[in-house]
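In: let me see the structure of the following:
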Amino acid sequence: MKLRYIIKHFTELTTAELYALLRLRAEVFVVEQNCVYLDLDGKDQQSFHLLYYADDELAAYTRLVPAGLSFNEISIGRVITSPRHRGTGLGKKLIDASIEGCYEKFGHQTIRIGAQLYLLTFYQSFGFVEQGEVYDEDGIPHIEMVKVV
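Out: Okay, the predicted model is just below:
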């Protein structure tokens with residue numbers, strides 16, 4: 001299996017890439033996690049999108065968000081690994097690539113995320129530290145975490 005990723009600004013995405021990433025987000029966030037929410041939140045157009053492929057299939061994805069849009073700091077959001085590719089180590093590769101992508105696109109600065117609480121240890125392994133209290137987002141416990149440069 002050949003792994004590769006690309007990072008594109010929203011304006012650079014092809015219609016096929018946009019369809020694939022929105023389909024994956026709906027598959028995981030809406031159907032699998034059973035969350036009825038408005039995924040299209042108006043932030044995609046100002047963000048970069050990291051698409052991680054296994055061969056020619058979109059296997060994982062993140063959204064790299066500029067400072068001031070979700071948080072005061074830059075952010076990584078909409079973190080997804082396709083159910084077909086979980087347990088392969090792709091999630092770790094995805095976060096490594098996302099952190100490097102943030103630094104490449106926005107410069108070396110603090111990254112803030114809203115992490116699902118059950119992934120706390122996973123994100124800590126990349127240097128993220130929890131900050132604040134646990135909060136509910138669409139019925140799923142979350143916590144803000146920061147990675148300081």
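
In: centre of the chain versus the helix ranked longest in the chain, how much separation?
Out: The single longest helix within the chain, with elements called by DSSP state H, is helix 90-106. Computed by CA atoms, centre = their mean, to the nearest Å, the chain-centroid distance of helix 90-106 equals 9 Å.

In: buried ones in stretch 11-22?
Out: The neighbour-count check on stretch 11-22 (16 or more other CB atoms under 10 Å) flags 13, 17, 20-21 as buried. Where you see a C-beta, it was placed from the backbone N, CA and C, and this is true even at glycine.

In: so residue 135, which state does it fall into?
Out: Classification of residue 135 using DSSP: H, G, I helix; E, B strand; the rest coil returns strand.

In: tell me the SS of the closest residue to it other than its chain neighbours?
Out: Leaving aside its sequence neighbours, residue 135 sits nearest to residue 142 (CB to CB, 6 or more residues apart in numbering; 5.5 Å). Of the three states, residue 142 takes strand under three-state DSSP.

In: what is residue 142 paired to in the beta sheet?
Out: Residue 142 has these beta-bridge partners by DSSP bridges: residue 116, residue 135.
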